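*Asks:* Below are the sequence and a predicted model; questions follow.
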Amino acid sequence: MKIFNTRSSLQQYLSQKRSEGNTTGLVPTMGALHKGHISLLAEAKKYADVIVCSIFVNPTQFNDPKDLEKYPRPIEHDIEMLINAGCDVLFNPTVDEMYQPGETWHLDIGPLESMLEGKFRPGHYQGVTQVVFKLFDIIKPDFAFFGQKDYQQVKVITRMVDMLHMPLKMIMCPIVREPEGLAMSSRNVHLSTNERANSILLSATLYNVKHQFGKLTIDELKQLAVKELTSNPNIQLDYFEIADADTLVPAKADTQHMVALVAAKVGNVRLIDNIILN
Ligand code: AMP
């Protein structure tokens, strides 16, 4: 696996590969890799000739400085995982390599910006579009792979790609879970044994809602989920929503495709999860 820390060295390498007729697949990550990330790489290998994984803990998408500071950064372990997964290229830039001092950014992504995650993490999706725009611009991938785990993120980036006519195909990959149901996340390492046991309620509730889908009304499903999630005093619910799977506005009885999304704090760890209902 080739490792690049600078934009210019990566671009030089990729333009050579492109001139030889190879396509490029990009898997953007913040590192602390787990099987969820590896599943994106496995999917990318089905589509593209050269697989690039980026590891960059992007400061502009963190609205909580403590969260940024304590974000895990096990780079040696990540490199080993990427080699084992057959990744071709790791792009691991510094903050200075990615950002100019005093740089600003704003992209109008419409209502997606301030709903659900956007409401609880103001500015988060501006930081996400800012860094992903840069990665797409540097790497010029033919395909980009994102996890359904961050469902709203996929919608936000797809909106950016469509609005700016970016010449790449977005691929959303399914959520990889722990055997007990918890969606894999780099933040799970911060969960104590007790917190981890409590956190299973998130996925269990989503599965229950899916099971009851079609038997209860949307309001009844929401009530059921909120009741379950708030029954555990160790879970602090941010939101539970059943939304239109395309626009993420709250679903109505006649909405065609729906997704249930949840965000909650378990101890100091904020977790998100979702399930596609139909
Ligand atoms: P992150 O490093 O958390 O920014 O995640 C990088 C990419 O991996 C994003 O597209 C995530 O949606 C995806 N991802 C994270 N966790 C999972 C998971 N459990 N299953 C599938 N994809 C995931």
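*Replies:* Perfect, I can see it now. Numbers count the residues shown, from 1 in each chain.
*Asks:* So residue 31 sits against residue 75, correct?
*Replies:* Yes. Residue 31 sits in contact with residue 75 when judged by Cβ atoms under 8 Å, with a separation of 6.6 Å. No exception for glycine: its C-beta is placed from N, CA and C like everyone else's.
*Asks:* Can you pick out the residue with more neighbours from those two?
*Replies:* residue 31 (23 against 14; other Cβ atoms under 10 Å).
*Asks:* Helix, strand, or coil at that one?
*Replies:* Per DSSP: H, G, I helix; E, B strand; the rest coil, the secondary structure class of residue 31 is coil.
*Asks:* per-residue confidence for it?
*Replies:* Turning to residue 31, the model gives it a pLDDT of 98.
*Asks:* Equivalent analysis for the one 10 residues further on, please.
*Replies:* According to the prediction, residue 41 has pLDDT 98.
*Asks:* if we can go back for a sec, what residues do residue 31 and residue 75 have in common as contacts?
*Replies:* Among the neighbours of residue 31, those also in contact with residue 75 (Cβ atoms under 8 Å, 6 or more residues apart in numbering) are residue 55.
*Asks:* Let me know the distance separating residue 226 from residue 75.
*Replies:* 40 Å (Cβ to Cβ, to the nearest Å).
*Asks:* for residue 182, same thing?
*Replies:* Residue 182 sits at a distance of 24 Å from residue 75 (criterion: Cβ to Cβ).
*Asks:* Equivalent analysis for residue 30, please.
*Replies:* Counting by Cβ to Cβ, the gap from residue 30 to residue 75 is 11 Å.
*Asks:* Ok, residue 201 next?
*Replies:* Taking Cβ to Cβ, one finds residue 201 at 33 Å from residue 75.
*Asks:* for residue 148, same thing?
*Replies:* 26 Å.
*Asks:* Residue 163: what's it in contact with?
*Replies:* For residue 163, the contact set (Cβ under 8 Å, 6+ apart) comprises 107, 109.
*Asks:* 10 Å instead?
*Replies:* Contact partners of residue 163, counting by Cβ atoms under 10 Å, 6 or more residues apart in numbering, are 107, 108, 109, 110, 129.
*Asks:* quick one: the first one and residue 160 touch, right?
*Replies:* Yes. Residue 107 is within contact range of residue 160, at 6.3 Å (criterion: Cβ atoms under 10 Å).
*Asks:* which residues are common contacts for those two?
*Replies:* Between them, residue 107 and residue 160 have 125, 128, 129, 130, 133 as joint contacts when contacts are counted by Cβ under 10 Å, 6+ apart.
*Asks:* Burial check on the first one, number of neighbours?
*Replies:* Applying the criterion other Cβ under 10 Å, we find 26 residues in the vicinity of residue 125.
*Asks:* ok, the residue lying closest to it once chain neighbours are set aside to the ligand distance?
*Replies:* Closest residue in space to residue 125, ignoring its immediate chain neighbours: residue 156 at 4.9 Å, by Cβ to Cβ, 6 or more residues apart in numbering. For residue 156, the distance to the ligand equals 12 Å [Cβ to the nearest ligand atom, to the nearest Å].
*Asks:* confidence score at whichever residue of the stretch 51-200 of the chain sits closest to the ligand?
*Replies:* Per Cβ to the nearest ligand atom, the residue of the stretch 51-200 of the chain with the smallest distance to the ligand is residue 147, at 2.4 Å. What the model reports for residue 147 is a pLDDT of 98.
*Asks:* quick one: it and residue 39 touch, right?
*Replies:* Yes. With contact taken as Cβ under 10 Å, residue 147 and residue 39 are classed as touching, separated by 7.9 Å.
*Asks:* Alpha carbons only: can I get stretch 93-100 in PDB?
*Replies:* As requested, C-alpha coordinates have been extracted for stretch 93-100 and formatted as PDB (Å, rounded to 0.1, in the frame of the first residue of the first chain):
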ATOM      1  CA  PRO A  93      -2.800  14.500   5.400                       C
ATOM      2  CA  THR A  94      -2.200  16.900   8.300                       C
ATOM      3  CA  VAL A  95      -4.700  19.700   9.000                       C
ATOM      4  CA  ASP A  96      -2.200  22.300   7.500                       C
ATOM      5  CA  GLU A  97      -2.100  20.200   4.300                       C
ATOM      6  CA  MET A  98      -5.900  20.400   4.000                       C
ATOM      7  CA  TYR A  99      -6.700  23.900   5.200                       C
ATOM      8  CA  GLN A 100      -5.500  27.500   4.700                       C
END
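*Asks:* Okay then, goodbye and thanks.
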